[in-house]
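**Q** Sharing a model that was predicted from the sequence below.
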Amino acid sequence: MFFRFFYIALMILTTSGFAQPKYKYHYTGSDGQRVYLPLGKISFADQVAHFRIGYPKPISIFRDSSQALYQPDYKGYNSPDFISLGCKGSIILKFTDNGFMNMKGYDLIVFEVGPSRERSLVEVSTDGRKWYTAGITEGGTSKLDFDDRQIDPNLIFYYVRIRDVKDECTGKSAGADIDAVAAINSVLKLTVNADVLFDVAEHKLKSSAKETLDSLAKAINVVGEATILIEGHTDSDGEEEYNMKLSENRCISVRRKLQKLLSNEGTYHFEIKPHGEFNPRVENNSEENKQINRRVEIMVLPPKDYFESIPDN
Ligand SMILES: [Ca+2]
Ligand SMILES: [Ca+2]
């Protein structure tokens, strides 16, 4: 899936105009830096997967690891609205209602707070097992561009690991002080089995698809403005050309329905990308596998004009 290139990919069929972005999702770091997060509040880390306190430890009020979740809320150094990692401490944060990718511009932001700027090593992972170095934060509100570390633009990440690199090992809040972590290039990937939406060889939505489509629209509606990329896949039964046309028609049906369901909601720009049988998830060698391959994937991405607003290197 060549997300990095999807704007120029030949198969993309673009529809509908796009209003100017409202750029309403701004967040401010403790150093006054204002950051725009294209997909808004879902962009923040949602769960603490692991926390290992460093030594020397911070004082006990600064040891609540859940303070690294959700939006930044630092009020001052005496208010425990952040987690101090302790010297060489580390935290793993999980993103549950969004993923993130290496796309144009900065990809991730760490809101580090407190009187001293403490550096930390940031790594990212798709599964919490294999880690990729994303960069070193300089302390304060730090943005990372995954391009600087040649991170594969096709991967969708769901984990961030932050490790204090031992600059400042004294004081009440030893180690980096993390208030919040957010994905700038957030994505939402929703996959639906095509059998739930369509009868065999049909592209008209089944009436029983209503519930699924309603819940898709509801999931999309948590972000106010986005590019919605609908990708259709078939199994390998039938001719390649026929399957391409079928997946295109199915993309169009899903787009039409979602446009209708979301028409009174936020600002969405729809794109479709039919794949036919060319991008199977698994080998088409059993009925079970073929069913896995018959699918519609919906990617909710930062709005196109956000990327257009970022200057090219
Ligand atoms: Ca989130
Ligand atoms: Ca990037």
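**A** All right, it came through fine. Ligands and ions are numbered 1, 2, ... in the order given.

**Q** Give me the neighbour count for D199.
**A** D199 is flanked by 12 other residues according to other Cβ atoms under 10 Å. Glycine gets a C-beta too; all of them are placed from N, C-alpha and C.

**Q** Am I right that it is in contact with S208?
**A** No. D199 sits out of contact with S208 when judged by Cβ atoms under 8 Å, with a separation of 9.9 Å.

**Q** May I see the domains of this structure written out as residue ranges?
**A** When the chain is parsed with automatic domain parsing, its domains come out as 3-21+187-308, 39-184.

**Q** Check whether the first one comes near ligand 2.
**A** Which is domain 3-21+187-308. No. For domain 3-21+187-308, no contact with ligand 2 is found by Cβ under 5 Å from the ion; the gap never falls below 9.1 Å.

**Q** Please say whether there is contact between that domain and ligand 1.
**A** No. With Cβ under 5 Å from the ion as the measure, domain 3-21+187-308 is seen stopping short of ligand 1, the closest distance being 9.6 Å.

**Q** for stretch 86-96, what is the average pLDDT?
**A** Taken as a whole, stretch 86-96 carries a mean pLDDT of 94.

**Q** Just the endpoints, please. Distance across it?
**A** By Cα to Cα, to the nearest Å, the extent of stretch 86-96 from end to end equals 26 Å.

**Q** Would you mark the buried spots in it?
**A** By neighbour count with 16 or more other Cβ atoms under 10 Å, stretch 86-96 contains the buried residues 86-95.

**Q** that older thread, so can I have JSON lines of the domains of the chain showing distance to G29?
**A** Rendered in JSON lines, the data for these read as follows (distance: least, Cβ to Cβ, whole Å):
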{"stretch": "domain 3-21+187-308", "distance to G29": "19"}
{"stretch": "domain 39-184", "distance to G29": "3"}
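
**Q** Quick check: which of those domains is buried the most?
**A** Scoring the domains of the chain by mean neighbour count under mean count of other Cβ atoms under 10 Å gives domain 39-184 as the most buried, with a mean of 20.

**Q** Which residue does the stretch 201-313 of the chain have closest to ligand 2?
**A** Using Cβ to the ion, the point where the stretch 201-313 of the chain gets nearest to ligand 2 is I310, with a distance of 9.3 Å.

**Q** ok, that residue - how many residues close by?
**A** The burial count assigned to I310 is 11, neighbours taken as other Cβ under 10 Å.

**Q** Specify the beta-bridge partners of L188.
**A** Each beta-bridge partner of L188 is listed here: V300, as defined by DSSP bridges.

**Q** tell me the pLDDT at it?
**A** pLDDT for L188: 95.

**Q** That one against G40, yeah?
**A** No. Distance between L188 and G40: 11.2 Å, which falls outside the contact criterion (Cβ under 8 Å).

**Q** Give the residues shared as contacts by those two.
**A** Residues touching both L188 and G40 (Cβ atoms under 8 Å, 6 or more residues apart in numbering): V223.
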